[in-house]
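K.L.:
fold the following and give me the result.
(one chain, ligands or ions: 1)
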Amino acid sequence: MDITKQRRIQEHPILGSYEKGRVVHFTLDGKDMEGYEGEPIAAALKASGVMTHRYTAKHHKPRGVFCAIGRCTDCVMIVDGIPNTRTCITPLKEGMAVQAQYGVQTKEEWEASQEAKDGE
Ligand code: FES
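P.N.:
Okay, here's the model as predicted:
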């Protein structure tokens, strides 16, 4: 999502404004996204309205940011091919490839495993 259309707090009544990094581009499941360099990946996603980061392995339930301090693992995603990356504490960089996580797999891998199970 274009950064000018994102929903962000520009000036907080108590904390004031904050210094942002430069605008960087990344992808979410192949879709072009924008955020500020150095902010948590989860913050850039949230500003674009993305709430679901992963789906649980057993019941396929959606999960997103919960603790936002790197303790719960609800925000984990596949970042540059690395699964279980805590997006609430991982700084955003130019060109990152972020993918929703299904169990510990990509959507394509998860769907293939489900088809294999159905075939048994
Ligand atoms: S939201 Fe809990 S580890 Fe990221």
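K.L.:
doesn't K46 lie inside a strand?
P.N.:
No: K46 sits outside any strand when classified using DSSP: H, G, I helix; E, B strand; the rest coil, being helix.
K.L.:
check whether stretch 82-90 comes near the ligand.
P.N.:
Yes: counting by Cβ under 6 Å from any ligand atom, the ligand has neighbours in stretch 82-90: R86, C88. In short, each C-beta sits where N, CA and C put it, glycine included.
K.L.:
output the longest helix belonging to the protein.
P.N.:
Criterion DSSP state H: the longest helix present in the chain is helix 107-119.
K.L.:
so what's K61 scoring on pLDDT?
P.N.:
Here, the pLDDT recorded for K61 equals 97.
K.L.:
burial of it, as a residue count?
P.N.:
Neighbours of K61 under the rule other Cβ atoms under 10 Å: 10.
K.L.:
OK, contacts around the nearest residue to it once chain neighbours are set aside?
P.N.:
Residue nearest to K61 in three dimensions, not counting chain neighbours: Y55, with 6.6 Å by Cβ to Cβ, 6 or more residues apart in numbering. If you count contacts by Cβ atoms under 8 Å, 6 or more residues apart in numbering, Y55 has them with K61, P62, R63, A100, Q101, Y102, G103, W110.
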